[in-house]
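In: pasting the sequence and the predicted model now:
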Amino acid sequence: LTPRLQGFTSTIFAEMSQLAFDTDSINLGQGFPDTDGPDLVKDAAIEAIRDGVNQYSPGPGHPDLRAAIAEHQQRFYGIELDAQTQTLVTVGATEGISASMLALLEPGDEVVVLEPYYDSYAATISMAGGVRRPVTLRAPDFTLPREEYAAAITDRTRMLLLNTPHNPTGAVLSGDDLRFIADLAVRHDLLVVSDEVYEHMSFDGLAHIPIASLPGMAERTVTISSGGKTFGFTGWKIGWVTGTPELVGAVRAAKQFLTYVGGAPFQPAIAAGLRMPADYFSGLAASMQSKRDRLREGLAAAGFEVFDSKGTYFISVDARSVGYDDGIELCRDLPGRCGVVAIPMSVFYDDQQAGRPLVRFAFCKRDDVLDEAAERLQRLR
Ligand code: PMP
Ligand code: GLN
């Protein structure tokens with residue numbers, strides 16, 4: 001194994017899902033819904049298979065999906081895109097991330113990244129020969145430490161890698177934070193890669209603001225999203241990248257040699273999803289918000305200090321509140337003690353002290369599953 005991949009031999013999500021399977025535990029680790037997404041989208045995929053959409057799609061993606069992505073960005077955010085040159089379909093957001101790193105980083109380039117960071121960021125920055133410069137979001141509120149963020153930029157910085165709503169903390173960057181970051185990007189002439197896979201899951205009336213919609217940002221931002229989260233079909237692995245023709249063209253150059261293309265019949269189906277009426281999208285956020293509240297109550301009743309989650313599938317706790325200094329130890333014990341699996345957040349931090357006590361739970365599950373998990377977690381008392 002090359003040095004670039006040392007330390008990345010196994011992802012925590014695969015490990016913890018295997019643990020849930022082996023111990024027959026409730027899996028509140030890996031973030032995926034335990035119910036299917038809308039029938040309309042499912043039926044569209046079945047129809048596409050029956051209609052013969054079963055060979056390679058065009059390299060940059062199925063034209064109908066690319067048109068629907070452009071329509072979606074215009075409908076929700078007022079962002080105008082030419083579907084032909086400014087959209088690219090990828091194999092999940094994951095491939096959008098790896099292709100962006102491979103296309104846009106030179107060895108030695110620095111990437112400022114919010115930590116805790118989604119695990120593929122560290123791995124793919126390293127695969128591209130880049131260097132990550134983490135800026136730590138700290139409990140209890142995980143807000144952007146602006147001074148530290150500005151200070152992380154050096155003359156080697158090439159890219160700011162963002163994620164809002166933020167996995168694993170559930171933080172949502174405010175308009176002011178985004179303007180602060182945009183100003184730095186313009187002043188230092190940096191690229192921004194913005195992972196917005198949870199764009200339709202911000203809570204309590206908070207709006208999702210794509211940084212590409214701010215002045216001066218369209219020309220320097222690669223925006224990444226995915227049908228996995230918005231439509232609850234994480235196993236379909238349909239994601240996309242939008243930006244200027246130059247940036248999307250660069251990402252496409254890398255992407256074509258990673259997978260060439262992804263699953264053809266899923267693409268028109270996700271297109272149909274993206275065109276669903278507004279109440280589907282608001283309903284998704286409302287449903288996830290009520291699941292957040294449900295799990296938050298269950299975790300609090302089990303004795304946890306629970307941190308606020310403003311978006312995503314996730315909520316986090318402090319393991320010290322139930323007698324563990326280290327979230328890894330709690331997560332190791334949880335299947336045996338309670339029959340529940342969660343994710344220790346220290347694996348997403350370089351700053352081990354900040355991450356050590358934190359544990360992430362996923363609430364994108366059926367209400368009865370969340371209730372059963374809450375009941376089992378009472379055994380911690
Ligand atoms: N980015 C973030 C922040 C995620 O949480 C996830 C996945 N769960 C992804 C990217 C990957 O998305 P996909 O499954 O579409 O590859
Ligand atoms: N994004 C999901 C999570 O954070 C899992 C994705 C994966 O397994 N790579 O749990």
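Out: Looks like it arrived, so ask away. All of these numbers come straight from a predicted model, not from anything done at the bench. Ligands and ions are numbered 1, 2, ... in the order given.
In: can you give me the distance of whichever residue of the stretch 251-381 of the chain sits closest to ligand 1 to ligand 2?
Out: With Cβ to the nearest ligand atom, the shortest gap between the stretch 251-381 of the chain and ligand 1 falls at residue 312, namely 7.2 Å. For the C-beta atoms, the positions are set from N, CA and C on the backbone; glycine is no exception. From residue 312 across to ligand 2, the span is 8 Å (Cβ to the nearest ligand atom, to the nearest Å).
In: that residue against residue 164, yeah?
Out: No - if you go by Cβ atoms under 8 Å, residue 312 and residue 164 don't touch, sitting 9.5 Å apart.
In: who touches both of the two?
Out: residue 198 (Cβ atoms under 8 Å, 6 or more residues apart in numbering).
In: can you give me the neighbour number for residue 108?
Out: Residues near residue 108, counting by other Cβ atoms under 10 Å, number 10.
In: can you tell me the SS state at residue 160?
Out: strand (DSSP: H, G, I helix; E, B strand; the rest coil).
In: please read the previous query as pertaining to residue 239.
Out: Applying three-state DSSP: residue 239 is strand.
In: hey, what's it bridged with?
Out: residue 90, residue 226 (DSSP bridges).
In: shouldn't it be in contact with residue 230?
Out: No - contact criterion Cβ under 8 Å: residue 239 and residue 230 do not qualify, at 10.5 Å.
In: so those two - more neighbours on which side?
Out: It is residue 239, of residue 239 and residue 230, that has more neighbours when counted by other Cβ under 10 Å, with 26 against 23.
In: got the domain boundaries for this protein?
Out: 3-37+279-380, 39-277 (automatic domain parsing).
In: can I get those in TSV including mean pLDDT?
Out: TSV is the format used below for the domains of the chain (pLDDT from 0 to 100):
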stretch	mean pLDDT
domain 3-37+279-380	96
domain 39-277	98
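In: return the backbone torsion pair for residue 354.
Out: phi -70, psi -40 (degrees, to the nearest 10).
In: any idea how many residues pack against the nearest residue to residue 27 once chain neighbours are set aside?
Out: Once flanking residues are discounted, residue 27 sits nearest to residue 20: 3.7 Å by Cβ to Cβ, 6 or more residues apart in numbering. When neighbours are defined as other Cβ under 10 Å, residue 20 has 21 of them.
In: what's the span of stretch 19-36, first residue to last?
Out: 23 Å (Cα to Cα, to the nearest Å).
In: is ligand 1 contacted by the longest helix belonging to the chain?
Out: Using DSSP state H to define each element, the chain has its longest helix at helix 278-301. No - counting by Cβ under 6 Å from any ligand atom, ligand 1 is not contacted by helix 278-301; separation bottoms out at 13.4 Å.
In: what about that helix, distance to the chain center?
Out: 17 Å (Cα atoms, centre = their mean, to the nearest Å).
In: helices or strands up against that helix?
Out: In terms of contacts (3 or more Cβ pairs under 8 Å, 6 or more residues apart in numbering; DSSP states H and E), helix 278-301 is packed against strand 305-306, strand 314-318, helix 367-377.
In: the residue in the stretch 101-250 of the chain positioned nearest to ligand 1: what's it in contact with?
Out: Residue of the stretch 101-250 of the chain nearest ligand 1, by Cβ to the nearest ligand atom: residue 226 (3.2 Å). Going by Cβ under 8 Å, 6+ apart, residue 226 touches 92, 93, 96, 197, 238, 239, 240.
In: residues contacting the nearest residue to residue 109 once chain neighbours are set aside?
Out: Residue nearest to residue 109 in three dimensions, not counting chain neighbours: residue 158, with 3.7 Å by Cβ to Cβ, 6+ apart. Shown in contact with residue 158 (Cβ under 8 Å, 6+ apart): 104, 105, 106, 109, 110, 111, 130, 190, 191.
In: most surrounded residue in these?
Out: Of those, with other Cβ under 10 Å as the count, residue 111 tops at 28 neighbours.
In: and that one, that's in a helix?
Out: No - per three-state DSSP, residue 111 lies outside any helix segment and is strand.
In: got the contact list for it?
Out: Applying Cβ under 8 Å, 6+ apart, the residues near residue 111 are 101, 105, 121, 125, 130-133, 157-161.
In: just put those residues in CSV and tack on distance to residue 13.
Out: Converted to CSV, the contacts of residue 111 look like this (distance: Cβ to Cβ, whole Å):
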residue, distance to residue 13
101, 19
105, 24
121, 14
125, 18
130, 22
131, 24
132, 19
133, 24
157, 29
158, 28
159, 24
160, 25
161, 19
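In: residue 54: which of those residues is nearest?
Out: Nearest to residue 54 out of the contacts of residue 111 is residue 101 (Cβ to Cβ; 31.0 Å).
In: from residue 48, how far out is that closest one?
Out: Counting by Cβ to Cβ, to the nearest Å, the gap from residue 101 to residue 48 is 31 Å.
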